[in-house]
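A.B. asks: Quick one: sequence plus predicted model below, questions after.
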Amino acid sequence: MTEAFPNDTPQQRAFRAFETLVAGEDMAIDLSLAALLIANLEYPELDIAHYMAQLDSLAERVRALLGLAGAGTPEQLPVNMDVPAVIAAMNTVLFGQEHFHGNTEDYYNSS
């Protein structure tokens, strides 16, 4: 990608990567990568690989809670998964273990 346009700015490279990503079938689009490529437009120094690895780690912890660690394709859950169980596992990891929370003081501040 960058070899074809060596003089591109980081923003142009991010835009081209996003454009390539979304050119395929909707179901094949990696939404986490798409979101990071959009963020990369505003933050050119963003280490996409680092954040993809963090998301993969969070996902693996959710899969472990669901008894799916190391089973099958990590990008897909089995069709017959209990949706409330998946949501509960995600909530456990994100809010219980990682202590994610909203910014109640300055809701619109993206930092």
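C.D. replies: In hand now; what should we look at?
A.B. asks: where along the chain do the helices fall?
C.D. replies: 10-22, 31-42, 48-65, 83-91 (DSSP state H).
A.B. asks: closest one to N103 among those helices?
C.D. replies: helix 31-42 (17.0 Å; Cβ to Cβ). Bear in mind the C-beta positions are built from the backbone N, C-alpha and C, glycine included.
A.B. asks: which outside residues touch that closest one?
C.D. replies: For helix 31-42, contacts defined as Cβ atoms under 8 Å, 6 or more residues apart in numbering pick out 10-11, 14-15, 17-18, 21-22, 46, 48, 51-52, 55.
A.B. asks: Out of the residues you listed, flag the one nearest to A88.
C.D. replies: L55 (19.0 Å).
A.B. asks: What is the neighbour count of the spatially closest residue to that closest one that is not a sequence neighbour?
C.D. replies: Leaving out its chain neighbours, the residue that sits closest to L55 by Cβ to Cβ, 6 or more residues apart in numbering is S32, at 5.0 Å. For S32, the neighbour count with other Cβ atoms under 10 Å is 16.
A.B. asks: Show me the chain divided up by domain.
C.D. replies: Taking automatic domain parsing as the criterion, the chain consists of the domains 1-46, 54-111.
A.B. asks: Turn those into TSV, including mean pLDDT.
C.D. replies: TSV is the format used below for the domains of the chain (pLDDT from 0 to 100):
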stretch	mean pLDDT
domain 1-46	84
domain 54-111	87
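A.B. asks: pretty sure Q97 contacts R61?
C.D. replies: Yes. Counting by Cβ atoms under 8 Å, R61 is a contact partner of Q97 at 7.3 Å.
A.B. asks: the more surrounded of those two?
C.D. replies: Neighbours were counted for Q97 and for R61 using other Cβ under 10 Å; R61 has more, 18 against 12.
A.B. asks: ok, the closest residue to the more buried one other than its chain neighbours - contacts?
C.D. replies: Counting by Cβ to Cβ, 6+ apart, V93 is the residue found nearest to R61 once chain neighbours are left out, at 4.9 Å. Residues in contact with V93 (Cβ under 8 Å, 6+ apart) are L58, R61, V62, L65.
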